[in-house]
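**Q** need coordinates for the following:
(2 chains)
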Amino acid sequence: MTSSARHPSSGRARDQGCVVEHVLRDQRLMLLPERALFWQEKKMLVVADAHFGKAQLFRERGIPVPQGTTAADLQRLSLLLAALAPETLLFLGDLTHGPIDDPDIYERLIAPWRAAHAQVAMTLVSGNHDRWSGPPSSAFGIDWVGEERQEDPFVFTHKPQGSAAGYNLAGHLHPAVAMRGRGGLAATLPCFCFGPDQALLPAFGGFTGCQVIRPGAEDQVFVVADEAVMALPAKAGG
Amino acid sequence: MNTQTQTHADNPHGPNEAQAAIDRWFRSRGWKPLAFQREAWRAYRAGRSGLIHAPTGIGKTCAAAFGAMQAGLAANADRNQPDRPAPLTVLWVTPLRALAADTLVALQQAAAEFGLPWSVAGRTGDTPAAVKKRQQQRLPTVLVTTPESLHLLLSHAGARERFDRLELVVVDEWHELMGSKRGVLVELALARLRTWRKRVRTWGLSATLGNTEAALRALLGSTADQGVLIQGRVPKTIRVTSIRPEVVERFPWAGHLGLKLLPRVIARIEAAGSTLVFTNTRSQTEIWYQAILEAQPDWRARVALHHGSLDRRERERVEQGLREGALMAVICTSSLDLGVDFSPVDQVIQIGSPKGVARLMQRAGRSGHRPGLTSAIVCVPTHAFELVEVAAARSAIATRGIEPRVPVTRPLDVLAQYLVTLSLGDGFRPSALYRELRTTHAFQDLPRTEYDWALDFVSTGGEALGAYSEFHKIIRRDGRYTAANARIAGRHRMQIGTITADAAIVVKYLNGRRLGSVEERFIARLKRGDVFVFAGRRLEYIRLRDMVLYVRRSRAPRGPIPQWLGGRMPLSSELAAAVRDQLDRAARGVADAPEMQALEPILELQARRSIIPGADELLLETLVSRDGHHLFLFPFAGRLVNEGLAALLAYRLSRKRPLTLSLAANDYGLELLADREIPLDALEDRRLFTVDRLVEDILDSVNAAEMGRRQFREIARVAGLVFPGYPGRAKHGGQIQASSSLLYNVFQRYAPDNLLLAQSTREVLERQLEYQRLRASLERMARARLRRVDLEQPTPLAFPIMVDRLRSRLSSEKLAERVSRMQLRLEKKADDK
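**A** Sure, this is the predicted structure:
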């Protein structure tokens, strides 16, 4: 089901196994350490919970968080777009964090970025934060498709939900797992979690927290350990 | 210090009459003014400020208040009934709300007996909103308040006029405040009041303290040269005894619950008329209360518990019971350490380690609470080595090895908060405020660059944001800084203060009666129908709504007990040194204290499995267990310094080869734990203990072990980056909440030069590691004879560190490399403990 592959965004050799290819319903899904998923058959890059503009919103409300988080996220995304050349970039909800007072920031920051990737179609499946933010700025040049997007054999939503129409890929939870080992080894790592009929993607945004989940015995978990995605041994969860 | 000469600046007829009133007050109680009280009144008349250092319960309140009351009587001598009370004249700052209530009653009574036309009232977080609103119109003559509420007063427009008749500020329990950021809040407010009104006198009251001169300097700042230090020397004997296990072999080696000696504690309570049982944490209070009632169900009406998370009314009921003598025992935490006024109890029991010499003396002072009487305290160890600490504390009291409190210097988080506080009222001019700040002890060396940085941080968001204008907290208009908008003002007022707590959930009965508050983390583990123990009751979780947990009484036999952060106190360095001394004597076969004799079987076991380290020896124990490879070292430097040593040694070891270490420390020693063998060659050739490049290595190790991350939690909260929400108020603004840990990451990555990060490192270095002490410990370790023992089984000294779950980590390996040796962690369910 799963095999290691070279990271596509780098011509130079990087550590083996830093990207994982996960085959699901006969589709090849590349799990990227940038906390994104690439569906090879459809040339579709999927990104959940970007929360663009979150630090901006904090600053506007009087909390002096440093600048540069959204710009760094955009740059990370640009590298992926350049390396993978997807036809579609699908945002799995929470594209922006909330309604900021200074929408010009999108013109300054997003418009040039969007222009540099004009050939990529961008789609947004709506998340709870997107409803709070209102319609995305025209700078995104994005197709807002509502709560759900069906692309057989998958159904893309922001919040995980059961669906008869296909296997559900979702975000929203910002999933992570707590790991431990002998000698006091321990870490909490963002993860991809594939269940029998539903998968959770890690949050893409650099200024987002995470939530520790407890995978079930049937779940297959891939953790993001800095520059590598690693499969956890099956049935490690309980 | 200054010697005082009496001056008569006031009305020459007034003082005599006023003095007569005071003499009558004392006579009517069958007392006589003590020398230090007269000295304080004289100094007050002469317009001086100062510090009164005297043990608890010998009349510091009279010493501080009566000078101003005397002056009030004199000023009032030629006036008849005024139509309304005099304006704000005396400001009384106290660290505890419970204390405020008592002081209030004492001052109200005195003012009434003297016939002063004064109103005396309190203003704290407990004061009802309606009363606060009335006070907004006009403050009472004597206002009893906390540092936080005082800052709130400073945040209102027209604050200056409210204080324009102020004569005296008393800072009660200054020894308790001065070592913390709350002390800095006091220093800042005092500087402000002195700027507004030069003649204001400041008097600090302090109980047992090792560094009174420093306390005076911190209180008075740049005016300290004119300060008077008044010593209330009252000979008071303190007797420290202990309850010792009969079979020490079956006594636990670690843990802090220690209910083993419960039957003997109950027997002691039964034998005495009244008892205070001090514990070290709020959870421990709840546990002991439950255990005592389980053993003695008919004591329910006569035994109570008291700690800081209980609702005010609950606490007041207990305090009242103590005053009336209706209670035979109260189980409490440091919430009753400070001067809450009640008659001395017959006996004081201390559960668990005393942790510090001054603290034990203060608690002992709760018995025989009058000049000349003997104070006695009975220590109840919860595990074996606490017996050593009792013997050590006794010898430290005899040699007056009392802890100093080190005032906090240059906390930029407090400064950032204060700038916003002042901007909410009438605003401030930056240069004038800078000069004023430099008159405080905390900011006397504040460089202008750091001040400007703090101003930028709250006005433009700091250097990293300079180019953009979206951030405004305070705004400069016509040379003054004022608050940007009402939304920010309202939110800031709710977060004034420096006490870090998790978001608190208020616990209420369905009928609305409040029991107190617990931390959100605890409630998060429970669900509807679960039973937990709080406020001495077994409670069933009914529903959680808007930060309020509704409960009802449960008949279930038991349930989990909440834990509160900040429970763990380190052993003071003074006590740690005394412990080292006791063990050295034991190593030489001397065991004169009864506790050391009782401990002999354990010490023998330590000697059999390893050795008892002498004063000139450094014990190194290694052990291989299921958990990995353990290395234990015993510098006996107190937990904070031991933690720093652990990080430093781990850093130096991991530089030699890729290594991941888990670090733990207690007051005696430290542990390095790895899943592979730890290379010990460096340790044996002593380069590991060198003081060369020490500062650089400490800084690197603090960063590598991310020790600043823990410190940043408090800094983020004080500087207004994290908004904790308030008990009883609906949670809001969730979308602009981020954990301090996430913020720490973002700052590290995007604003690594931010001074708040630098401050968290500095706080680790100064307040936690205490560089000088760490260096001295390292030098002692380098000189000591290294005694290495490879263990088969853990020793009594090593075991308590081994089971400690509070650990930090340091690694020179890639994350992916480490992750390949880990498995999913299965979370434990909330269980009874």
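**Q** skipping its backbone neighbours, what lies nearest the residue of chain A found nearest chain B in space?
**A** Proximity of chain A to chain B (Cβ to the nearest Cβ) peaks at A:G184, 2.4 Å away. Heads up, the C-betas are built off the backbone N, CA and C, glycines and all. The spatial neighbour of A:G184 that comes closest, neighbours along the chain excluded (Cβ to Cβ, 6 or more residues apart in numbering or on different chains), is B:S662 at 2.4 Å.
**Q** can I assume that neighbour is in contact with A:G181?
**A** No. B:S662 is beyond contact range of A:G181, at 9.9 Å (criterion: Cβ atoms under 8 Å).
**Q** in stretch B:670-683, what counts as buried?
**A** B:L670, B:E671, B:L672, B:L673, B:A674, B:D675, B:I678, B:A682, B:L683 (16 or more other Cβ atoms under 10 Å in any protein chain shown).
**Q** the second one should be in a strand, yeah?
**A** Read it as B:E671. Yes. Counting by DSSP: H, G, I helix; E, B strand; the rest coil, B:E671 is found in a strand.
**Q** tell me the strands beside the one helix or strand A:V20 maps to, with direction?
**A** According to DSSP states H and E, A:V20 maps onto strand A:19-24. Take DSSP bridges as the rule and strand A:19-24 pairs in its sheet with strand A:2-5 (antiparallel), strand A:27-32 (antiparallel).
**Q** what's the closest non-adjacent residue to B:E766?
**A** Closest to B:E766 by Cβ to Cβ, 6+ apart is B:T409, at 7.7 Å.
**Q** pLDDT wise, what is that neighbour at?
**A** pLDDT for B:T409: 89.
**Q** list the residues that contact it.
**A** Residues near B:T409 by Cβ atoms under 8 Å, 6 or more residues apart in numbering or on different chains: B:H441, B:A442, B:F443, B:D445, B:E766.
**Q** out of these, which comes closest to A:K159?
**A** Nearest to A:K159, judged by Cβ to Cβ, of these is B:E766 at 46.8 Å.
**Q** need the phi and psi values for the closest one.
**A** For B:E766, the backbone dihedrals (degrees, to the nearest 10) come out as phi -80, psi -50.
**Q** check contacts around the residue of the stretch 101-250 of chain B found nearest chain A.
**A** Residue of the stretch 101-250 of chain B nearest chain A, by Cβ to the nearest Cβ: B:S155 (15.0 Å). By Cβ under 8 Å, 6+ apart, B:S155 lies in contact with B:T421, B:L422, B:L424, B:G425, B:A489, B:H492, B:R493, B:I496.
**Q** kindly recompute the last result at 7 Å.
**A** Residues counted as contacts of B:S155 (Cβ atoms under 7 Å, 6 or more residues apart in numbering or on different chains) are B:T421, B:L424, B:G425, B:R493.
**Q** buried ones from those residues, can you make that a PyMOL selection?
**A** For the buried members of the contacts of B:S155, the matching PyMOL selection, counting by 16+ other Cβ under 10 Å, is:
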select buried, chain B and resi 421+424+425
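**Q** which of the contacts of B:S155 lies closest to A:E107?
**A** B:L424 (34.1 Å).
**Q** skipping adjacent residues, who's closest to that closest one in space?
**A** For B:L424, the closest residue by Cβ to Cβ, 6+ apart turns out to be B:S155, at 4.3 Å.
**Q** can I get the buried residues of stretch B:670-683 in JSON lines with pLDDT and distance to B:S459?
**A** Below are the buried residues of stretch B:670-683 laid out as JSON lines (pLDDT from 0 to 100; distance: Cβ to Cβ, whole Å):
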{"residue": "B:L670", "pLDDT": "95", "distance to B:S459": "44"}
{"residue": "B:E671", "pLDDT": "95", "distance to B:S459": "46"}
{"residue": "B:L672", "pLDDT": "94", "distance to B:S459": "46"}
{"residue": "B:L673", "pLDDT": "94", "distance to B:S459": "47"}
{"residue": "B:A674", "pLDDT": "93", "distance to B:S459": "48"}
{"residue": "B:D675", "pLDDT": "91", "distance to B:S459": "49"}
{"residue": "B:I678", "pLDDT": "87", "distance to B:S459": "50"}
{"residue": "B:A682", "pLDDT": "72", "distance to B:S459": "49"}
{"residue": "B:L683", "pLDDT": "74", "distance to B:S459": "51"}
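**Q** circling back to that earlier point, which one's more surrounded, B:S662 and A:G181?
**A** For B:S662 and A:G181, the more surrounded residue by other Cβ atoms under 10 Å in any protein chain shown is B:S662, and the numbers stand at 25 against 19.
**Q** note down every partner strand of whichever helix or strand that one is part of and its orientation.
**A** Element membership for B:S662 (DSSP H and E) is strand B:660-665. With DSSP bridges as the test, strand B:660-665 is paired with strand B:670-674 (antiparallel), strand B:808-811 (antiparallel).
**Q** in CSV, list those along with distance to B:T460.
**A** Shown next, in CSV, are the strands paired with strand B:660-665 (distance: least, Cβ to Cβ, whole Å):
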stretch, distance to B:T460
strand B:670-674, 44
strand B:808-811, 35
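**Q** any idea which of the ones you listed gets closest to A:L74?
**A** Of all the strands paired with strand B:660-665, strand B:808-811 comes closest under Cβ to Cβ, at 30.7 Å.
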